[in-house]
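>>> the sequence and its predicted three-dimensional model are supplied below.
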Amino acid sequence: MSVSESMCLHCEVRPRSIDPRQKHLRLCDPCSAVKGLRIVYRRRKGWTRERDRRIQALVERAKAQLPLFEP
């Protein structure tokens with residue numbers, strides 16, 4: 001697991017929670033305490049690794065201030 005994979009998906013500042021009840025969300029304790037964020041990051045039926053990789057690629061493009069989609 002790389003450093004970025006061990007960080008909170010939302011704030012990207014603190015390490016992910018080690019609480020087994022919240023670990024699947026991949027959020028830090030303060031972020032997982034916010035109900036709205038728990039809803040956003042909850043994996044739903046049909047969630048695949050491919051979908052997760054696609055979302056992460058879009059996040060990286062947004063951070064680099066690149067267009068999310070090619071014309």
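Noted; the coordinates are in hand. Numbering: from 1, shown residues only.
>>> phi, psi for the residue nearest the centre of the chain please.
For the chain, residue 9 is the residue whose C-alpha lies nearest the centre (CA atoms, centre = their mean; 3.2 Å). When read as degrees, to the nearest 10, the backbone of residue 9 gives phi -70, psi -30.
>>> tell me how far it lies from residue 24.
Distance check for residue 9 against residue 24: by CB to CB, to the nearest Å, it reads 11 Å. For every residue, glycine as well, the C-beta is placed using N, CA and C.
>>> one step back: now do the contacts for the residue nearest to the centre of the chain.
Contacts for residue 9 were tallied using CB atoms under 8 Å, 6 or more residues apart in numbering; they are 16, 25-27, 41.
>>> quick check: buried residues in the lowest-mean-pLDDT helix or strand in the chain?
Using mean pLDDT, DSSP states H and E, the weakest-scoring helix or strand in the chain turns out to be helix 35-41, at a mean of 81. Across helix 35-41, burial judged by 16 or more other CB atoms under 10 Å covers 37, 41.
>>> may I have it exported as PDB, CA atoms only?
Provided in PDB are the C-alpha atoms of helix 35-41 (Å, rounded to 0.1, in the frame of the first residue of the first chain):
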ATOM      1  CA  LYS A  35     -22.600  11.400   8.100                       C
ATOM      2  CA  GLY A  36     -22.700  13.100   4.700                       C
ATOM      3  CA  LEU A  37     -19.200  11.900   3.900                       C
ATOM      4  CA  ARG A  38     -19.900   8.400   5.000                       C
ATOM      5  CA  ILE A  39     -22.800   8.300   2.500                       C
ATOM      6  CA  VAL A  40     -20.600   9.600  -0.300                       C
ATOM      7  CA  TYR A  41     -17.800   7.100   0.200                       C
END
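>>> thanks a lot, see you next time.
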